[in-house]
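Student: fold the following and give me the result.
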Amino acid sequence: METPTRTAASTADFTVDNVEKALHQLYYDPNIENKNLAQKWLMQAQISPQAWQFCWALLSPDKVPEIQYFGASALHTKISRYWGDIPAEQYDTLKTQLFSQIALFASGSKIVLTRLCVALASLALNTMPEAWPGAVSEMVRVFQEEGTTVDGRARCLALLELLTVLPEEFQTSRLPQYRRGQVRGALGREWTSVYPLLQQLLRQADSPAPVKARALKCLSSWALLDVPLSESEGLLEAGFGALNDPELFDAAVEAIVNAISQPDSQRYLNTLLKLVPQVLQLQDQLREAVQNGDMETSHGICRIAVSLGENHSRALLEQVEHWQSFLALVNMIMFCTGIPGHYPVNETTSSLTLTFWYTLQ
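Tutor: Model prediction:
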């Protein structure tokens, strides 16, 4: 049989065998023209009606990750871009199949797991709140159930991956404008299912570092949905505690910065005032990092201080009784501005503060 890319694509061509041949050609054929032909053919295959048949077969455990990844990507493409083609009576079946596949890949290829999570996230966004009310609470319940062959840690990481990609998929989704408002509201109401899980994982002393890092990344993702700052106060406190752990530092910085940078966070003045002393307590760690030439740590801490000052200087300035705290924050940001070295060779922090000084004028 001819290589699929050498023939005009017809519906008969889009079989499991032909998809595998085209993928092999894409990854391993040294000829650039053949690679390009394979890529074009695979893009057609991915949006074809036959994709519903071959995508599940490509996810078979005996396939290599490149093939499994294409199967998962085809699923996501069909769900996110051709949702209208799926009959309503098939929603539950599709959801069940995706849950099963995610459970299977929880201990398998990370890139395939992520793609399957994105596919289920897209399904959730297209069905909530009408066809799938309580989508997030069901996700949490399904992955917390015992009696599965997948070990607890792998199950927990798979759940965190799913909860992390859900808000990210919302940000890039093709939902109509009227639906975006509905779905954003539904996601906001589901935060009550996410918060206790993250709090438990971040506060448990025996939680492994990879689990805590994933929990912080999940918090960072949900913060972009404008989750009320007052409702993530306890998690941010855990985030500040995680800054002492090198394995968690980057994830903690990202979560804190995302949370305090959201426009809506200005409404929660009491929470912001509680955050100021937590930021100021990082000054010793900042000075030590600068003395040791630890650019990554000094950059991360300065990002937090600058984000708080840049986004909330007006609100904090108006709190006359807290002027000393605000002055201390300004001095901390001034320290960041004056970190020795030549930008960007041996310091990358001073430029972070420019917008803050402009805002403060």
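Student: for the residue nearest to residue 124 when sequence neighbours are not counted, grab the count of nearby residues.
Tutor: Leaving aside its chain neighbours, residue 124 sits nearest to residue 135 (4.3 Å; criterion: CB to CB, 6 or more residues apart in numbering). Yep, even glycine has a C-beta here, placed from its N, CA and C like the rest. Look at residue 135: counted by other CB atoms under 10 Å, it has 23 neighbours.
Student: contacts only, for residue 135.
Tutor: Residue 135 makes contact with 124, 127, 128, 129, 186, 190 under the criterion CB atoms under 8 Å, 6 or more residues apart in numbering.
Student: can you tell me which two in those are farthest apart?
Tutor: For these, the maximum inter-member distance is 13.1 Å, found between 127 and 190 (CB to CB).
Student: more neighbours, the two?
Tutor: residue 190 (25 against 20).
Student: helices or strands up against the helix or strand harbouring that one?
Tutor: According to DSSP states H and E, residue 190 maps onto helix 177-203. Helices and strands touching helix 177-203, by 3 or more CB pairs under 8 Å, 6 or more residues apart in numbering; DSSP states H and E, are helix 135-144, helix 152-172, helix 209-223, helix 233-242.
Student: kindly reformat the ones you listed as JSON lines containing distance to residue 250 and mean pLDDT.
Tutor: Output for the helices and strands packed on helix 177-203, formatted as JSON lines (distance: least, CB to CB, whole Å; pLDDT from 0 to 100):
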{"stretch": "helix 135-144", "distance to residue 250": "25", "mean pLDDT": "94"}
{"stretch": "helix 152-172", "distance to residue 250": "15", "mean pLDDT": "96"}
{"stretch": "helix 209-223", "distance to residue 250": "8", "mean pLDDT": "97"}
{"stretch": "helix 233-242", "distance to residue 250": "10", "mean pLDDT": "96"}
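Student: quick one: the helix holding residue 190 to helix 135-144, angle?
Tutor: On the basis of axes from the mean of the first three to the mean of the last three CA atoms, to 10 degrees, helix 177-203 is oriented at 40 degrees to helix 135-144.
Student: hmm, who's touching the one helix or strand in the chain whose mean pLDDT sits lowest?
Tutor: None of the helices or strands of the chain scores lower by mean pLDDT, DSSP states H and E than helix 354-360, at a mean of 80. With CB under 8 Å, 6+ apart as the test, helix 354-360 has contacts from 306, 309, 310, 313, 330, 333, 337.
Student: can you read off the pLDDT for residue 133?
Tutor: Per-residue confidence (pLDDT) for residue 133: 92.
Student: and it, what are its phi and psi?
Tutor: When read as degrees, to the nearest 10, the backbone of residue 133 gives phi -70, psi 140.
Student: heads up, I number from 58, so please use that
Tutor: Happy to do that; since the first residue is 58 now, the last one works out to residue 190.
Student: measure it to residue 222 for me?
Tutor: With distances taken as CB to CB, to the nearest Å, residue 190 is found 20 Å from residue 222.
Student: before we move on, what about residue 395?
Tutor: Taken as CB to CB, the span from residue 395 to residue 222 is 40 Å.
Student: cool, residue 213 as well?
Tutor: 15 Å.
Student: residue 200 now?
Tutor: 14 Å.
Student: how about residue 373?
Tutor: From residue 373 to residue 222 the distance is 34 Å (CB to CB).
Student: and residue 133, by the same measure?
Tutor: 10 Å.
Student: again, but for residue 202
Tutor: 21 Å.
Student: pretty sure residue 164 contacts residue 210?
Tutor: No. Contact criterion CB atoms under 8 Å: residue 164 and residue 210 do not qualify, at 9.4 Å.
Student: who are the contact partners of the residue nearest to residue 213 when sequence neighbours are not counted?
Tutor: Excluding the flanking residues, the one nearest residue 213 by CB to CB, 6+ apart is residue 268, at 5.9 Å. The contact partners of residue 268, taken as CB under 8 Å, 6+ apart, are 210, 213, 214, 217, 258.
Student: repeat that for residue 110.
Tutor: Residue 110 neighbours (CB under 8 Å, 6+ apart): residue 73.
Student: tell me the secondary structure at it.
Tutor: The assignment at residue 110 comes out as helix when based on DSSP: H, G, I helix; E, B strand; the rest coil.
Student: for residue 228, see how far away it is.
Tutor: For residue 110, the distance to residue 228 - CB to CB - is 31 Å.
Student: helix or strand right after the strand or helix carrying residue 336?
Tutor: Element membership for residue 336, per DSSP H and E: helix 326-337. Per DSSP H and E, the first helix or strand lying C-terminal to helix 326-337 is helix 340-348.
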